[in-house]
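Visitor: mind looking at a prediction? Sequence and model below.
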Amino acid sequence: MRVKVDANDAVKELGDFTRRMQAGRELLDKTRDRDVQIATTPKREVWRQDKVVLYHYTSAAAKHTVKTPVLMVYGLIGRYTMADLQEDRSLVRNLLAQGVDLYVVDWGSPTRSDRWLTLEDYIDGYLGECVDFIRARHRVAAVSLLGICEGGVFTTCYAAREPKKVKSLTLTITPIDFHAVAKDSPPHHGLIGLWARSMSHADVDRLIEANGNLPGELMSFVFSMMTPVNALTKYNLGLFDVMDDEKKLLNFLRMEKWLADRPDHPGEAAKQWLKDLYQDNQLAKGTFKLGGRKVDLKKVTMPVLNVFAEEDHIIPPRSSQALGKLIGTKNYTELPLPGGHVGVFVSGKSQGILGKNIFAWLRKNS
Amino acid sequence: MKAAEQAGDWLKFWSENQKSLFQAWAEGMPPPFAFRGEQPMDGDPRKAADQMTELMKSSMEQWAAMATQGWPKPGAFDPEMMKKMFDPAQWKRAGSQFDMGLEKLTEGPTFATLWDLDRKMLNVQKLWMERSRDVEQYWEVVQGAWNRALDTFIKAVNDPKGETIGSGRQMLDLWLASANRALIEMHRSEEFLETQRRMTRSSTEYRLAEREIAEAFCEMHHIPTRTEMDEMQRVVTELRREVRALKKGAGK
């Protein structure tokens, strides 16, 4: 037997456990919802269509140090609030503080009535309208796009279709080659692709027909499969580990708040996402079509910054890095960062590096 | 409403219709259906009643013949077997004679509107059984991973060359690491992916069949159906798309 527990140590462990439980309970009792606010950076609604809203962040900087306004685009799986989780972990605040003129598009909360919206509606339609609005407002020919995850795919496709309207393209944790996984990668990497490819096209069609949209809860379940024990223990063990430390507890709760706010993915767009991209890998193969027209990545001719997370279990680094060989610009920069998919945005370690590097690159290329 | 309660309601509704059907058939009268979709075929009530009775008679004969083939019991209807067949507690016993019996019923000839709702209900029950079977198989695969995790954990605890475990927390962490490895390994396995796919698909098919019943209810009560709402929304989405394109064109 390897188990050798000293009686005194066991008593001490029990005592520590009891003390931590007591302290944690008191802390949880006094914690209110207002203490766990996320996405608190001031912003103003400047444009709206259907459920989509374009916000302009209120800048604290005396002047804009980057000439071209930047539009931040998140995907439909999750919400843009991840980029502004809390004051000291906010890409938004970092960029604003350095003088970036920043907009963000909020896709809203799709309901069954949005089931027929396609990727064309989001990319050519809503995103295109946002870009045109900003261009007109600032009297500029092009804006800079900053895409996150699925939003990175949206901005890449838009840049390929409307290259003259895009000054520069910054991508973060963006899948391009949906089948790329390194052979030596950890076993929990790329599970979302395995799940998507385990279904047939007909399975996807029927799933959407039954639910109207791709339920956010289903995607949460799929994500939890990648870190199964963490998903099972986070409300007991995970919470216990942070519950007597106010800062850690609030960080934990803010992250939970973001995770719980997972909207449904509009049905027709979800079909394209799962079948055309995850299953058939059409973007990397050059066969992906929007509105009957091929998305030609060679037309991405503006400067591109591609940021990926070295430990990203959702979008494996190779999936993002595939972009370099597919686009038509030589001004292409990769920025690998330590941490996982979400960690790049919310961990204290990556936070400074991310904002600082994006700003430096924007200043040079926008 | 929970699935068991829904199943209970369907069973009750189905039983009521069958009871009235049997009674009416025996008495040579048209049955007072709980849900009756259409008025008699023409203006002559006697003729309509005769047609209805004839249709029901032939339907029942074919239904009885199919049901008899569904399970190896001599003779026509077996009330006990019918009771078992529609007892939700029996549904989990998938792959049995009940499956085959239901399949024969749902895949049998169509008897116009008279049998449409019954057929939909039988289909829902068949799909519920398939779903229950797939859910059970899914949990069997998951349970297998937990069993492997436990084996690994016990081996690790008893490994004389392993690091000493000096606290309850270390013991817990070792167990969680063992479980995490086993579960991730399972999540990558073809067996898990296939059982998960089947469970998702059969749950989806069940939900869609359930919708057909709900829509039949809606139609009878002048309530717009899910399908009609979806169609309407599709038109709205397409119109919005056209408006956006027109505005864009006008702007140029």
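Guide: Received the coordinates, thanks.
Visitor: okay, CA-based contacts and neighbour counts for the rest of this
Guide: Noted.
Visitor: and the longest helix for the chain?
Guide: No chain was given, so I picked chain A. In chain A, assigned by DSSP state H, the helix with the most residues is helix A:7-30.
Visitor: other chain: chain B
Guide: helix B:116-157.
Visitor: so for it, mean pLDDT?
Guide: Across helix B:116-157, pLDDT averages out at 91.
Visitor: and the longest helix of chain A, what does it pack onto?
Guide: In terms of contacts (3 or more Cα pairs under 8 Å, 6 or more residues apart in numbering or on different chains; DSSP states H and E), helix A:7-30 is packed against helix A:239-242.
Visitor: buried residues in the following helix or strand past the helix it packs on, which are they?
Guide: The C-terminal neighbour of helix A:239-242 among helices and strands, as given by DSSP states H and E, is helix A:246-260. Buried residues in helix A:246-260, defined by neighbour count with 16 or more other Cα atoms under 10 Å in any protein chain shown: A:249, A:250, A:251, A:252, A:253, A:254, A:255, A:257, A:258.
Visitor: relative orientation of helix A:246-260 and helix A:7-30 in degrees?
Guide: If you take axes from the mean of the first three to the mean of the last three Cα atoms, to 10 degrees, helix A:246-260 sits at 60 degrees to helix A:7-30.
Visitor: run the chain-centre distance for helix A:246-260.
Guide: 17 Å (Cα atoms, centre = their mean, to the nearest Å).
Visitor: give me the contact list for that helix.
Guide: A:27, A:35-38, A:78-79, A:81-82, A:85-86, A:239, A:242-243 (Cα atoms under 8 Å, 6 or more residues apart in numbering or on different chains).
Visitor: after it, next one along is what?
Guide: Downstream of helix A:246-260, the next assigned helix or strand under DSSP H and E is helix A:267-271.
Visitor: alpha carbons only: can I get that next one in PDB?
Guide: Taking C-alpha atoms only, helix A:267-271 is exported to PDB below (Å, rounded to 0.1, in the frame of the first residue of the first chain):
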ATOM      1  CA  GLY A 267     -30.000  26.600 -37.100                       C
ATOM      2  CA  GLU A 268     -29.100  27.100 -40.800                       C
ATOM      3  CA  ALA A 269     -25.800  28.800 -39.900                       C
ATOM      4  CA  ALA A 270     -25.100  25.900 -37.500                       C
ATOM      5  CA  LYS A 271     -25.600  23.400 -40.400                       C
END
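Visitor: and for residue A:291, the neighbour number?
Guide: Counted with other Cα atoms under 10 Å in any protein chain shown, residues neighbouring residue A:291 total 11.
Visitor: do you know how far the closest residue to it other than its chain neighbours is from residue A:161?
Guide: Nearest non-adjacent residue to residue A:291, counting by Cα to Cα, 6 or more residues apart in numbering or on different chains: residue A:120, 6.2 Å away. According to Cα to Cα, to the nearest Å, residue A:120 and residue A:161 sit 11 Å apart.
Visitor: hang on, residue A:104 packs against residue A:79?
Guide: No. Checked against Cα atoms under 8 Å, the pair residue A:104 and residue A:79 is beyond contact range at 11.0 Å.
Visitor: compare the two and say which is more crowded by neighbours.
Guide: Applying other Cα under 10 Å to residue A:104 and residue A:79 shows that residue A:104 carries more neighbours, namely 23 against 19.
Visitor: dump the contacts of helix A:246-260 to JSON lines, plus secondary structure and pLDDT.
Guide: JSON lines is the format used below for the contacts of helix A:246-260 (DSSP: H, G, I helix; E, B strand; the rest coil; pLDDT from 0 to 100):
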{"residue": "A:27", "secondary structure": "helix", "pLDDT": "87"}
{"residue": "A:35", "secondary structure": "helix", "pLDDT": "88"}
{"residue": "A:36", "secondary structure": "helix", "pLDDT": "89"}
{"residue": "A:37", "secondary structure": "coil", "pLDDT": "90"}
{"residue": "A:38", "secondary structure": "coil", "pLDDT": "93"}
{"residue": "A:78", "secondary structure": "coil", "pLDDT": "92"}
{"residue": "A:79", "secondary structure": "coil", "pLDDT": "95"}
{"residue": "A:81", "secondary structure": "helix", "pLDDT": "95"}
{"residue": "A:82", "secondary structure": "helix", "pLDDT": "93"}
{"residue": "A:85", "secondary structure": "strand", "pLDDT": "91"}
{"residue": "A:86", "secondary structure": "strand", "pLDDT": "88"}
{"residue": "A:239", "secondary structure": "helix", "pLDDT": "86"}
{"residue": "A:242", "secondary structure": "helix", "pLDDT": "89"}
{"residue": "A:243", "secondary structure": "coil", "pLDDT": "87"}
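Visitor: out of those, grab the one that's most surrounded.
Guide: Most surrounded of the contacts of helix A:246-260: other Cα under 10 Å gives residue A:85, at 26 neighbours.
Visitor: enumerate the residues of the stretch 151-252 of chain B near chain A.
Guide: Proximity of the stretch 151-252 of chain B to chain A, by Cα under 8 Å from any Cα of the partner chain, involves residues B:157-160, B:162-168, B:176-177, B:179-180, B:183-185, B:187-188, B:193-194, B:197, B:200-201, B:204-205, B:207-208, B:230, B:233-234, B:237, B:241, B:244.
Visitor: in the stretch 251-366 of chain A, which residue sits closest to chain B?
Guide: Going by Cα to the nearest Cα, chain B is nearest to residue A:268 of the stretch 251-366 of chain A, at 10.8 Å.
Visitor: could you report the pLDDT at that residue?
Guide: pLDDT, residue A:268: 98.
Visitor: give me the number of residues near it?
Guide: When neighbours are defined as other Cα under 10 Å, residue A:268 has 20 of them.
Visitor: and it, what is it in contact with?
Guide: Residue A:268 touches A:115, A:116, A:117, A:118, A:119, A:208, A:213, counting by Cα under 8 Å, 6+ apart.
Visitor: surely the last one meets residue A:271?
Guide: No. No contact is recorded between residue A:213 and residue A:271 when judged using Cα under 8 Å, the distance being 9.2 Å.
Visitor: neighbour count: these two, which is higher?
Guide: Using other Cα under 10 Å as the criterion, residue A:213 and residue A:271 rank with residue A:213 on top: 26 against 22.
Visitor: residue A:191 versus that one, what's the distance?
Guide: Applying Cα to Cα to residue A:213 and residue A:191 gives a distance of 21 Å.
Visitor: residue A:15: how many residues sit nearby?
Guide: Applying other Cα under 10 Å, we find 12 residues neighbouring residue A:15.
Visitor: and what of residue A:125?
Guide: Residue A:125: 17 neighbours (other Cα under 10 Å).
Visitor: skip the chain neighbours and tell me the closest residue to it.
Guide: Distances taken as Cα to Cα, 6+ apart put residue B:244 closest to residue A:125, at 7.5 Å, once the chain neighbours are dropped.
Visitor: is it correct that that neighbour is in contact with residue A:126?
Guide: No. The criterion here is Cα under 8 Å, and residue B:244 misses it with residue A:126 at 9.5 Å.
Visitor: ok so, going back, okay, and the residue nearest to residue A:125 sits in which element?
Guide: Assigned by DSSP H and E, residue B:244 belongs to helix B:226-251.
Visitor: tell me which residues in that helix are buried?
Guide: Those would be B:230, B:233, B:234, B:237, B:241, B:244, for helix B:226-251 by 16+ other Cα under 10 Å.
Visitor: next one: phi and psi at residue A:188?
Guide: Dihedral angles of residue A:188 (phi, psi; degrees, to the nearest 10) stand at phi -90, psi 0.
Visitor: now do the contacts for it.
Guide: A:226, A:227, A:313, B:184.
Visitor: filter those down to the ones in strands?
Guide: Secondary structure from DSSP state E places none of the contacts of residue A:188 in strands.
Visitor: can I get the residues you listed in TSV with pLDDT, distance to residue A:325 and neighbour count?
Guide: Shown next, in TSV, are the contacts of residue A:188 (pLDDT from 0 to 100; distance: Cα to Cα, whole Å; neighbours: other Cα atoms under 10 Å in any protein chain shown):
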residue	pLDDT	distance to residue A:325	neighbour count
A:226	88	29	23
A:227	89	31	17
A:313	90	22	24
B:184	93	32	20
